[in-house]
Structure formats: C-alpha cells, structure tokens
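Chemist: Everything below, folded, please.
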Amino acid sequence: MLHRLSSALWFCAPFIVLLVLWAVFIPYFDVNPRLFPHLSSVVQAGIEGIQDGTLIQHIKASLLRVAVGTVLALIIAVPLGVAMGVSPIVSSFLTPLFRFFSVLAGIAWIPIATLWFGYGFGAITFVIFNAVFFIVTYNTLLGVSTIPLHVRNAAASLGAGRWAMLTEVLLPGALPNIVTGIRTGLGFAWRGLIAAEMIATNVGLGYMLFVARDFYRTEVIVLGMIVIGVLWLLLDRLVLAPIERATIERWGMVQRA
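Modeler: Numbering: from 1, shown residues only. The predicted structure follows:
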C-alpha cells in the first residue's frame with residue numbers, strides 16, 4: 001500500500017510542479033488572457049461547466065462514442081484475428097493490409113466518414129472503430145501465431161474440440177497481445193475522437209474546444225485539454241494498464257514482484 005501511494009505521488013509530482021509554475025508565472029508576466037488563461041480562470045470555468053451541466057454532457061458524449069466504437073471493433077477484430085492466426089493462407093493474404101491500416105491515423109478517416117455517415121454519432125464512431133479494429137486484429141493474429149504448435153497438438157491429442165481449443169488454448173494464449181492491442185488502439189481512438197468532434201458533431205470535448213476558440217475563451221480551451229488528458233490518464237492507469245499487467249502475469253510471461 002505504501003509503495004502504491006509513493007508511486008502515485010511520484011507520478012503526480014510533475015503535474016503539481018507544472019500547476020505551481022502556471023499559477024506563479026502567468027500573473028507575474030501579466031499574460032493576456034486571450035493568449036493563455038490564469039489558473040483561477042480555468043478552475044472557475046470548470047466549476048461553471050459542472051454547475052450548468054455542459055461539461056458533464058460533453059464528457060458523457062465523448063465517452064459513449066469511445067465505448068460504442070471500441071466494443072464494435074472488438075466484436076469483429078478478435079474473431080477475425082483468431083481466424084487469421086490459425087490459417088496461414090488467410091494470414092499471409094491479409095497481414096499486409098492490416099499492417100498498413102494499423103498505423104493509419106484515426107483522423108485520416110474523418111473526411112470519408114462524414115461523407116458516408118454525415119455529421120454526428122455515426123461518423124465519429126466509425127473513426128474510433130477503425131482506430132481500434134486494425135490494431136486489435138493484428139495483435140490478436142500475433143498472439144495466436146506465437147502459441148507453440150506443440151501446445152495446440154497436445155490439446156488436440158487430449159481431445160480438445162474446436163470450441164475448447166478456442167476458449168482454452170487460442171484466446172488465453174493470445175490474450176496478452178489482445179489487451180496490448182486494445183490499449184494501443186484506444187490511444188489512437190482517443191486522439192481521433194477529439195479531432196472528429198471538432199468537425200463532425202455539436203457535442204463532445206472536441207466540440208467544446210472548437211467553439212471556445214471562436215469566442216477567445218482560452219480558459220475553456222485549456223480546461224478541455226486538461227479534462228481530455230485526465231480522462232485518458234485515468235482510463236490508462238486505472239483500467240487498461242492493470243488489466244494488461246494482470247493478463248501478462250496470469251499467463252506466465254512475467255512474475256509479480
């Protein structure tokens with residue numbers, strides 16, 4: 001417990017230093033609020049956004065889009081990745097495509113997504129889907145491919161059918177790679193989400209930033225940036241990283257210290 005607390009404090013230390021520097025130097029140099037806001041202005045903007053409900057509304061909209069796009073991607077990506085992993089022909093044919101699309105930035109899909117789905121939930125969900133789908137599929141393929149052949153043969157010789165082979169050998173063996181793919185894909189999806197919301201919707205954290213720019217409300221812009229960063233840190237540190245670590249430890253790739 002003490003070790004976790006010290007690690008958390010050490011992790012927060014640079015942010016605390018940054019806040020102190022912000023609170024001291026911005027007023028000291030009398031920076032124009034239209035260029036960069038005072039810390040107190042950002043805090044006040046956050047309080048007002050919570051009180052009138054707009055900040056919560058933007059957060060809910062962004063998180064919902066991420067959740068829906070990610071779930072849809074996983075439903076298709078994991079089975080397809082397993083199928084590619086057990087079929088050398090399918091794998092060799094599709095792998096170049098997935099290598100190409102897995103590094104394609106989510107924001108590159110925004111123009112064509114708005115043409116296909118219009119402005120709104122569908123276009124943004126499509127951007128998130130693509131950011132997660134290709135990376136998770138490719139990582140699932142890698143995970144299945146790294147399972148030793150003698151392990152599969154041993155399971156088959158013990159009478160494992162297709163379902164048992166899938167649920168007791170292939171998925172558990174590929175799970176560390178799948179979780180890593182989800183964590184990486186969500187990182188791309190989060191960035192793509194904010195960019196898409198600036199263009200293709202009228203609610204969400206990205207939209208909040210975009211509208212605030214038109215009115216020179218730098219305190220709202222910085223507030224939105226802080227909320228975006230904090231939400232990602234919470235998601236990554238409290239959900240994704242522990243799941244990834246526990247999955248890797250569970251399947252014997254590393255040992256708990």
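Chemist: before we move on, which element is the closest residue to residue 83 other than its chain neighbours in?
Modeler: The shortest distance from residue 83 to any non-neighbouring residue, by CB to CB, 6 or more residues apart in numbering, is to residue 90 (6.3 Å). Yep, even glycine has a C-beta here, placed from its N, CA and C like the rest. Using DSSP states H and E, residue 90 sits within helix 88-102.
Chemist: The helix or strand just after that helix packs against which elements?
Modeler: Downstream of helix 88-102, the next assigned helix or strand under DSSP H and E is helix 110-117. Helices and strands touching helix 110-117, by 3 or more CB pairs under 8 Å, 6 or more residues apart in numbering; DSSP states H and E, are helix 121-145, helix 171-199.
Chemist: Just put those in CSV and tack on distance to residue 14, mean neighbour count and mean pLDDT.
Modeler: Output for these, formatted as CSV (distance: least, CB to CB, whole Å; neighbours: other CB atoms under 10 Å; pLDDT from 0 to 100):
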stretch, distance to residue 14, mean neighbour count, mean pLDDT
helix 121-145, 28, 25, 91
helix 171-199, 20, 22, 87
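Chemist: For the ones you listed, give me CSV that also has distance to residue 113.
Modeler: Below are the helices and strands packed on helix 110-117 laid out as CSV (distance: least, CB to CB, whole Å):
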stretch, distance to residue 113
helix 121-145, 4
helix 171-199, 7
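Chemist: who wins for proximity to residue 156 among those helices?
Modeler: Nearest to residue 156 among the helices and strands packed on helix 110-117 is helix 171-199; the distance by CB to CB comes to 14.2 Å.
Chemist: The closest one to helix 110-117, inter-axis angle?
Modeler: 90 degrees (axes from the mean of the first three to the mean of the last three CA atoms, to 10 degrees).
Chemist: Report the angle between helix 171-199 and helix 121-145.
Modeler: Computed by the same axes, to 10 degrees, the angle separating helix 171-199 from helix 121-145 equals 160 degrees.
Chemist: on contacts alone, who are the packing partners of helix 171-199?
Modeler: The criterion is 3+ CB pairs under 8 Å, 6+ apart, and the helices and strands that helix 171-199 contacts are helix 54-86, helix 110-117, helix 121-145, helix 205-214, helix 218-235, helix 241-250.
Chemist: average pLDDT for stretch 210-217?
Modeler: Averaging pLDDT along stretch 210-217 yields 91.
Chemist: For it, C-alpha coordinates in PDB please.
Modeler: Extracted in PDB, the C-alpha atoms of stretch 210-217 (Å, rounded to 0.1, in the frame of the first residue of the first chain):
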ATOM      1  CA  PHE A 210     -13.600  24.200 -31.100                       C
ATOM      2  CA  VAL A 211     -16.400  26.500 -30.100                       C
ATOM      3  CA  ALA A 212     -14.400  28.100 -27.300                       C
ATOM      4  CA  ARG A 213     -11.700  29.100 -29.800                       C
ATOM      5  CA  ASP A 214     -14.300  31.200 -31.700                       C
ATOM      6  CA  PHE A 215     -15.000  33.300 -28.600                       C
ATOM      7  CA  TYR A 216     -11.400  33.500 -27.500                       C
ATOM      8  CA  ARG A 217     -12.300  31.600 -24.300                       C
END
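Chemist: Which parts of that stretch count as buried, going by neighbours?
Modeler: Within stretch 210-217, the residues that count as buried by 16 or more other CB atoms under 10 Å are 210, 212, 217.
Chemist: Can you give me the pLDDT of the closest residue in space to the second one that isn't next to it in sequence?
Modeler: Right, residue 212. Among residues not flanking residue 212 along the chain, residue 220 sits closest, at 3.7 Å (CB to CB, 6+ apart). Per-residue pLDDT puts residue 220 at 96.
Chemist: ok, now residue 257?
Modeler: For residue 257, the predicted pLDDT is 43.
Chemist: Sort out which one of the buried residues of stretch 210-217 lies nearest residue 112 for me.
Modeler: Closest to residue 112, out of all of the buried residues of stretch 210-217 and judged by CB to CB, is residue 210, at 20.2 Å.
Chemist: OK, contacts around the closest one?
Modeler: With contacts defined as CB atoms under 8 Å, 6 or more residues apart in numbering, residue 210 is in contact with 197-199.
Chemist: That concludes my questions; thank you for your assistance.
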